[in-house]
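**Q** this one's structure only:
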């Protein structure tokens, strides 16, 4: 089903504990949930099982990326979203799934990331609204949040930039208009 805007009004988790669970998608400007095919590719790259991982979904929107990580065993998932309606929807989804270890923060992603402790996460998911020009500032902030050996996932409507110093390209792809990639932090 698609909303009047042409966006889906729900997405399904594709793997893990909550496989096939539906996540509602509220019609909001710039909200574009990561397509199933792209999420499946990402979690194939990561190896399906994220048991014990600490994950940040910095521009949560529908929560598809963060809840997918939680469904696959992540020990801690933080979803950052500034839109109050989306925050309420994320809370309702968290309660419905019984995902007590998923934390939802009503905040601006860049400001929240700027005050977060360094090396805090094993995986940082960055899928900001394509037209908002937030990817580069988010990447700069995400760089210090990732633990040694951890990953930054990025999604954009434009070709992805080269990895930042200390990171290497792990995998990348394109599905239609969506460019996506996974960078891995080296060990210090």
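**A** Received, thanks. Since this is a predicted model, take the numbers as computed values, not measurements. Numbering: from 1, shown residues only.

**Q** all contacts plus neighbour counts: C-alpha atoms, from now on.
**A** Noted.

**Q** so how far is the longest strand seen in the chain from its chain's centroid?
**A** In the chain, ranked by residue count with DSSP state E as the criterion, the top strand is strand 146-156. In terms of Cα atoms, centre = their mean, to the nearest Å, the centre of strand 146-156 is found 10 Å from the chain centre.

**Q** What's the mean pLDDT across that strand?
**A** Average pLDDT, strand 146-156: 95.

**Q** So which other helices or strands are in contact with whatever helix or strand comes next after that strand?
**A** Sequence order places strand 167-175 as the next helix or strand after strand 146-156, per DSSP states H and E. Strand 167-175 makes packing contacts with helix 36-46, strand 178-185 when contacts are defined by 3 or more Cα pairs under 8 Å, 6 or more residues apart in numbering; DSSP states H and E.

**Q** Let's see that with 7 Å instead.
**A** Other helices and strands packing on strand 167-175, by 3 or more Cα pairs under 7 Å, 6 or more residues apart in numbering; DSSP states H and E, are strand 178-185.

**Q** Tell me where the model's unsure across the chain.
**A** Counting by pLDDT under 70, the ranges of the chain that qualify are 1-8, 24, 29-33.
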